Structure formats: C-alpha cells, structure tokens
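Novice: my questions concern the predicted model and sequence given below.
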Amino acid sequence: MSTIHQFCRESAPSRASRSNERGQALVEAALTFPVLFLLFFGIIEFSLVILSYNTISNAAREGARCGILDPSVRTCNIEAAARRLTTAIQCSPPMAVRSFPSAGAIRVEVDCDVPMITQMMVTALGGTGTIPLHASATMQVE
C-alpha cells in the first residue's frame, strides 16, 4: 500500500467517533430554527406595517382631496372618505380621523394602532403588541 492510502486510513474517523456525531444535526437545527423563525416573521411583520402605513397615508390624502373640492358646499364627508380606503386594515382601537380646515388649506390626520401578528410573543415579553401609525395630508383649497 502506498503512503497516501496509509495516511488517509489513519486520519479517517473511526466508527466509534462517528457515532458520537449523530445528534449534531439536531443540535444545529435547534440553534438555527429560532433565528430563522424571527427573521421570517420579522419580514412578514415589517411588510404588513408598511402596507398599513401606505393605506392610512392614502386615506389621509383622499380625505384632504375630498375636503378641498368644494369647501362651501361640503357635499363630501371627510371622515367617511378617509375610512372608505381603510377597510383592509385592522386598527385597535378604531382608527381616528381628524380634519383641520383653515383659510386656504385643509389638513387631515389619521391615527391607527396596528396589531402585530406576533402580538402574543410581544406582550409576553412586556410590549404592547401594537404599532402606532400616524399619517397626515395637507392640501390647498382650490
């Protein structure tokens, strides 16, 4: 036998040492699963919060647009126009819509506390389980 084969045989792990490595994959999975779990749900949570913010931002813009169309007649209900666009998101407590008309402009503010999908874990760790979002839109009266 050549010296290379002898070296490989001597340095190869024996059957006894290989049997000690049986639980290695289980330990590695147990260590990496929580990290992957947090990463996965963090991405989902972040995307839902961005979706909710974009929704209430568009609702504030729609309420302000409704308020500037014809301020003398006020055929448009600003709060109803803002709430119409936010039926897809849940707010806890219910969404607050406020309008502030002034001489040449109107400002609409929308506040919403969006519940997290990981709310049980966050409240168990001492958090509130909701993310407060605020959006406002200001438009000049035409």
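Specialist: Received it, and whenever you're ready, just let me know what you need. Numbers count the residues shown, from 1 in each chain.

Novice: use CA for all of it now, contacts and neighbours both
Specialist: Noted.

Novice: burial of Val27, as a residue count?
Specialist: Counted by other C-alpha atoms under 10 Å, the residues lying close to Val27 total 10.

Novice: err, Ser57, not the other one
Specialist: A total of 24 residues lie near Ser57 under the criterion other C-alpha under 10 Å.

Novice: the helix ranked longest in the chain: what's the following helix or strand?
Specialist: Counting residues, the longest helix found in the chain (DSSP state H) is helix 24-69. Next helix or strand after helix 24-69 toward the C-terminus (DSSP states H and E): helix 78-84.

Novice: so which elements touch that following helix?
Specialist: Contacts defined by 3 or more C-alpha pairs under 8 Å, 6 or more residues apart in numbering; DSSP states H and E place helix 78-84 against helix 24-69, strand 96-101.

Novice: circling back to that earlier point, who are the packing partners of the longest helix of the chain?
Specialist: Other helices and strands packing on helix 24-69, by 3+ C-alpha pairs under 8 Å, 6+ apart, are helix 78-84, strand 105-115, strand 130-140.

Novice: OK, contacts around the closest residue to His134 other than its chain neighbours?
Specialist: In space, His134 comes closest to Asp111 once its chain neighbours are excluded; the distance is 4.6 Å by C-alpha to C-alpha, 6 or more residues apart in numbering. Counting by C-alpha atoms under 8 Å, 6 or more residues apart in numbering, Asp111 touches Ile56, Met95, Ala96, Val97, Pro132, Leu133, His134, Ala135.

Novice: so which of those is the closest to Gly63?
Specialist: Val97 (9.0 Å; C-alpha to C-alpha).

Novice: which residues touch the nearest residue to the closest one once chain neighbours are set aside?
Specialist: For Val97, ignoring the flanking residues on the chain, the nearest one in space by C-alpha to C-alpha, 6+ apart is Val110 at 4.6 Å. By C-alpha under 8 Å, 6+ apart, the contact list for Val110 reads Ile56, Ser57, Ala59, Ala60, Met95, Ala96, Val97, Arg98, His134, Ala135, Ser136.
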